[in-house]
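Trainee: how would this look folded up:
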Amino acid sequence: MELQKPNKFVKNSIITMTELVLPNHTNQLGNLLGGQLMHWIDICAALASSKHAQKICVTASVDRIDFHHPIRLGDVVTLHASVNRVFNTSMEVGVKVFAENHTKGIRKHTNSAYLTFVGLDENRKPAKTEEIIPQSEDEIRRYKKALQRRDERLKSL
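Mentor: Alright, predicted model coming up:
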C-alpha cells in the first residue's frame, strides 16, 4: 500500500519575519541599507521555500527590487513570504515588506520581491519539488503570474 502525500497548500509555506531597524542597519541618512533589506528578504524567502520543499533550498535568482518608501531607523519591518509556484526543481517565492512606525501609528508597504529557489537533495543536487496548491483568488493570481515571470526570466538567458 502506497502512502499518500499530504496536499501542499500555499498557506502552509507562509513565513513572517519581524526586524527592528537599528543604527548598524542604516546609512548616513538614517535609512535602512538596501543590502540589509535584501539580506532579510533572502532569509525570509529561503525559509518559505524550505518549509514547502522540506529540503535545504538555495537562491537561484532575485528579480528586481523597487524601494517605494524609505525605511527609517526605529521602524519595525515585517516581511511576509510564501511560495507562489513550483516548477520542477525550482520555485518562485514572493516577499512583501512593510515598515511600521509604532510611535506615529503609520504602516507602509515598502517593497515586493520575487525570488527563485532550488531545493537540494542529500547530494546537494537539484531535487524535484512537490507542486503547490493555490486556494484563494490572490494565491491563484500569483500562481498564474509566476509562470509569466518565469517565461520572461528564461527568455533573458
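
Trainee: and Ile43, how many neighbours does it have?
Mentor: Taking other CB atoms under 10 Å as the neighbour definition, Ile43 ends up with a count of 16. From N, CA and C alone the C-beta is placed, and that goes for glycine too.

Trainee: One more: Gly30?
Mentor: Number of residues near Gly30 (other CB under 10 Å) recorded here: 13.

Trainee: which residues does the residue nearest to it when sequence neighbours are not counted contact?
Mentor: The shortest distance from Gly30 to any non-neighbouring residue, by CB to CB, 6 or more residues apart in numbering, is to Leu73 (4.5 Å). Taking CB atoms under 8 Å, 6 or more residues apart in numbering as the definition of contact, the neighbours of Leu73 are 21-23, 25-26, 30-32.

Trainee: Between which two of those is the distance greatest?
Mentor: Comparing all pairs in the contacts of Leu73 by CB to CB, the longest separation belongs to Leu22 and Asn31, at 12.8 Å.

Trainee: between those two, which one's more packed in?
Mentor: In this comparison of Leu22 against Asn31, neighbours counted by other CB under 10 Å, the higher total goes to Asn31 at 18 against 11.

Trainee: Can you tell me who that one pairs with across the strands?
Mentor: Using DSSP bridges, the beta-bridge partners of Asn31 come out as Arg72.

Trainee: And it, how far from Gly74?
Mentor: 11 Å (CB to CB, to the nearest Å).
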